[in-house]
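Peer 1: here's my sequence, what's the structure:
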Amino acid sequence: MKQRETRKQMPTKSREWLEAECVKLARRALGGSEIQYVAIRRLHPKGTEPNWKVADIVPQPSPLVSDEVRDELARLTGTYALEDDDG
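Peer 2: Okay, the predicted model is just below:
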């Protein structure tokens, strides 16, 4: 399957690793120093789109800060794939 091959070229990381990395990046964003947790959600794309996205940021930042944080986190979705939950 071409979709699976393309995703396999992207390094895969665990949910825990991705969420921790998201917290690190979110805290570096302007106004994001108070962020304690970032939850991600698995996606099931039909093409070569990312297979995960940010689902929640805790505590929820203001809309202005949220846009800044989400812009920072968007880079990760195109860099790493969420590994399969096999078992």
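Peer 1: roughly how far apart are the nearest residue to L82 once chain neighbours are set aside and S62?
Peer 2: Nearest non-adjacent residue to L82, counting by CB to CB, 6 or more residues apart in numbering: W52, 4.0 Å away. Backbone N, C-alpha and C define where each C-beta goes, glycine included. For W52, the distance to S62 equals 25 Å [CB to CB, to the nearest Å].
Peer 1: which of the two has more neighbours?
Peer 2: The neighbour comparison of W52 against S62 (other CB atoms under 10 Å) goes to W52, with 20 against 9.
Peer 1: which SS class is A26?
Peer 2: What DSSP: H, G, I helix; E, B strand; the rest coil gives for A26 is helix.
Peer 1: ditto for E34
Peer 2: Assigned by three-state DSSP, the conformation of E34 is coil.
Peer 1: how far is stretch 23-42 from where the chain is centred?
Peer 2: 10 Å (CA atoms, centre = their mean, to the nearest Å).
Peer 1: correction: the previous question concerned stretch 65-76.
Peer 2: With CA atoms, centre = their mean, you get 9 Å for stretch 65-76.
Peer 1: mind exporting it as PDB, just the C-alpha atoms?
Peer 2: This file holds the C-alpha atoms of stretch 65-76, laid out as PDB (Å, rounded to 0.1, in the frame of the first residue of the first chain):
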ATOM      1  CA  VAL A  65      -2.000  32.200  22.400                       C
ATOM      2  CA  SER A  66      -3.800  29.100  21.100                       C
ATOM      3  CA  ASP A  67      -3.200  30.100  17.500                       C
ATOM      4  CA  GLU A  68       0.500  30.700  18.200                       C
ATOM      5  CA  VAL A  69       0.800  27.300  20.000                       C
ATOM      6  CA  ARG A  70      -1.000  25.400  17.400                       C
ATOM      7  CA  ASP A  71       1.200  26.900  14.700                       C
ATOM      8  CA  GLU A  72       4.200  25.600  16.600                       C
ATOM      9  CA  LEU A  73       2.700  22.200  17.000                       C
ATOM     10  CA  ALA A  74       1.700  21.900  13.300                       C
ATOM     11  CA  ARG A  75       5.300  21.200  12.400                       C
ATOM     12  CA  LEU A  76       5.300  17.900  14.400                       C
END
